[in-house]
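**Q** Dropping a prediction and its sequence here:
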Amino acid sequence: MKRVLALLVGGLCLVAVILLMVFTVGMRAKSPIVLNTIRKLNRTYFNPRQRDAGDPGAYASLIRHTGRITGALYETPVVAAATEDGFVIALPYGPQADWVKNVLAKGSATIVNEGLTHRVSEPQVVAIETADPYFSAKDQRAHRIFGTRECLRTRRDEIQHA
């Protein structure tokens with residue numbers, strides 16, 4: 001019985017290591033299969049559970065943007081770092097994510113960060129190296145591990161208190 005249990009635990013650990021390697025290599029290589037799978041998992045399971053995004057002390061901020069096709073209002077949890085005049089948001093999936101396309105097409109969005117709502121404009125995709133100093137050391141390490149190459153830079157227009 002112990003041998004069977006040991007084999008089962010060992011097999012599960014091996015599967016977990018393989019999945020982690022596929023995830024890491026796929027993110028670094030920007031594999032469409034891995035990126036699309038992670039996007040779907042985030043949309044279905046993780047993003048709806050990030051109800052505290054944008055609240056004071058929350059890890060994630062919230063970006064509100066208008067769909068370029070539907071015109072609907074969307075909210076997407078993101079890791080935004082404040083700059084002197086706006087925000088930078090790392091793009092681990094690259095600039096082809098729908099929310100990025102929406103913000104670029106509209107030219108503006110709203111970011112909820114630390115409980116404050118900020119209207120932002122002038123979005124542009126820039127190299128992550130220009131934005132990394134604004135992120136924590138932990139976030140910078142994640143950018144390197146997952147091969148994040150770009151970020152979205154925005155300019156703050158105004159602050160709307162919640």
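**A** Now that the structure is in, tell me what you want to look at.

**Q** Next one: residue 82 from residue 4, what distance?
**A** Taking CB to CB, to the nearest Å as the measure, residue 82 falls 53 Å from residue 4. Placement of C-beta: from N, CA and C, glycine included.

**Q** Then residue 113?
**A** Note on residue 113: its distance to residue 4, by CB to CB, is 51 Å.

**Q** quick one, which of the two is more surrounded?
**A** With neighbours defined as other CB atoms under 10 Å, residue 113 and residue 4 compare such that residue 113 has more, 23 against 8.

**Q** tell me the contacts of the more buried one?
**A** Residues near residue 113 by CB atoms under 8 Å, 6 or more residues apart in numbering: 54, 61, 62, 80, 82, 87.

**Q** okay, these in a markdown table with secondary structure next?
**A** Listed next are the contacts of residue 113 as a markdown table, based on DSSP: H, G, I helix; E, B strand; the rest coil:
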| residue | secondary structure |
| --- | --- |
| 54 | coil |
| 61 | strand |
| 62 | strand |
| 80 | strand |
| 82 | strand |
| 87 | strand |
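
**Q** Name the member of the residues you listed with the most neighbours.
**A** In these, the most neighbours by other CB under 10 Å go to residue 80, 28 neighbours.

**Q** Run a quick neighbour tally on residue 25.
**A** With other CB under 10 Å as criterion, residue 25 counts 12.

**Q** For it, give me the pLDDT.
**A** In this prediction, residue 25 carries a pLDDT score of 77.

**Q** Could you do residue 162 as well?
**A** 54.

**Q** swap in residue 42?
**A** Reading off the confidence values, residue 42 has pLDDT 66.

**Q** One more: the one 10 residues further on?
**A** According to the per-residue confidence, residue 52 scores 75 in pLDDT.

**Q** sec struct for the residue nearest to residue 115 when sequence neighbours are not counted, please.
**A** Among residues not flanking residue 115 along the chain, residue 56 sits closest, at 4.4 Å (CB to CB, 6 or more residues apart in numbering). Look at residue 56: counting by three-state DSSP, its state is coil.
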